[in-house]
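Chemist: Pasting a predicted model and its sequence here:
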Amino acid sequence: MNVEVSAASESLSRKGSAQTPAQQESSAAGPVIEVRGLRKTYDGTEAIAGIDLAVRAGEVFAFLGPNGAGKTTTVEILEGYRRRTGGEVCVLGADPAKAGRDWRARIGVVLQESEPEAELTVQECLSLYAGYYPRPRRVGETLELVGLADRRGARCGRLSGGQRRRLDVALALIGDPELIFLDEPTTGFDPAARQSAWQVIAGLRDLGKTVFLTTHYMEEAEYLADRIAVLAAGRIVAEGTAATLGGRDTEASIISFTLPPEVPAADLPPALTASVTITAGGQVEATTKSPLGLLGVLAEWAAARGVDLPDLDVHRPTLEDVYLQLTRVSR
Ligand code: ATP
């Protein structure tokens, strides 16, 4: 695997890591994508109902939303493959609806499904595509980057699903684009393939590329994205980092445990009883915005009574919890 990718994979919490010189250079350049009041109607039905977006140079931006929310419509407008009904769109300094070949060479696209030439080898296919660009990446380097170096001689038509997807990514990268659109890049991947795809994408960010990612996997957005926008029914319903999206950082946590059979519920510490529900089976659930304080009280209480709480659990809202809440209310 390529050095750049391995370096990215070494940092598990990569979003918090310091910016590389390539990132610093590109983020100084300002927004790569700017969208104001974007609308799209199909036969009089509004699919995109006036959205605003700004994607900065050098960031991974994740675009989430349920089926039919309008993600593909938006992405294809940004890529210049679909006409908008209204609003302003600027991608790499140009309107995608009017931009020419030079502009297109600066963006890389990984579609949900692609049809590379089945009879060509992986290497031949990449070399062919490299010829379409003014300043392509080297084929060998690109194969290393996506983890396909050992399949360079295989016919494209004989690749597995996951390998095909890696080839799709390689084809999007061969022109050495500044901006890369990844539409559900890991759908159908096994867990190991997904992990290595994430490392490839993290490696792109570390090279200073801007990545616009659509995905249905919350853990993918959480691992990769610097910022996330959630689209529902053609409107942006939330935007932020994985930690703050939809007020996630200020949402209450749930402390749960099973009450030991010999302990009556009335004996629980008063600090806990204010926000507690207890099922007939003795399952206790306390909702709190300061779980640490409540855990302290609970630990002291349990130690004083000499009881253990073996299934004690603290559940903070996950990105998926927040996402489901956001998209449920707006359906
Ligand atoms: P998914 O997650 O399922 O890929 P999406 O968020 O990408 O969904 P879009 O494909 O953008 O959603 O579709 C948004 C809405 O626009 C849907 O109601 C869809 O039926 C409609 N739509 C998309 N393309 C067309 C088209 N060519 N003609 C008419 N309606 C369309």
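Modeler: That came through, no problem.
Chemist: domain parsing for the protein?
Modeler: Per the record, the chain has its domains at 3-106+178-247, 252-315, by automatic domain parsing.
Chemist: rank those by pLDDT, which is bottom?
Modeler: For the domains of the chain, the stretch scoring lowest in mean pLDDT is domain 3-106+178-247; its value is a mean of 85.
Chemist: which residues does the residue of the chain most remote from its centre contact?
Modeler: Distance from the C-alpha centroid of the chain peaks at residue 262, with 47.0 Å (Cα atoms, centre = their mean). Residue 262 makes contacts with residue 307, as judged by Cβ atoms under 8 Å, 6 or more residues apart in numbering. (C-beta placed from N, C-alpha, C; glycine too.)
Chemist: ok, it to residue 282 distance?
Modeler: In this view, residue 262 and residue 282 are 11 Å apart by Cβ to Cβ, to the nearest Å.
Chemist: near the ligand, which residues of the protein show up?
Modeler: 42, 47, 65, 67, 68, 69, 70, 71, 72, 73 (Cβ under 6 Å from any ligand atom).
Chemist: Can you tell me which of those residues end up in helices?
Modeler: 71, 72, 73 (DSSP state H).
Chemist: most neighbours, which of those?
Modeler: Highest neighbour count within those: residue 71, with 21 neighbours (other Cβ atoms under 10 Å).
Chemist: OK, contacts around that one?
Modeler: 63, 64, 65, 214, 231.
Chemist: rewinding a little: pull out the buried residues from the residues of the chain next to the ligand.
Modeler: Neighbour counting over these (16 or more other Cβ atoms under 10 Å) leaves 47, 65, 69, 70, 71, 72, 73 as the buried ones.
Chemist: which one of those sits closest to residue 266?
Modeler: Among those, residue 65 lies closest to residue 266 (Cβ to Cβ), at 46.9 Å.
Chemist: For that closest one, give me the backbone phi and psi.
Modeler: Backbone geometry at residue 65, expressed as degrees, to the nearest 10, gives phi 170, psi 150.
Chemist: what about the closest residue to it other than its chain neighbours, neighbour count?
Modeler: Spatial nearest neighbour of residue 65, excluding adjacent residues (Cβ to Cβ, 6 or more residues apart in numbering): residue 231 at 3.6 Å. Applying other Cβ under 10 Å, we find 26 other residues in the vicinity of residue 231.
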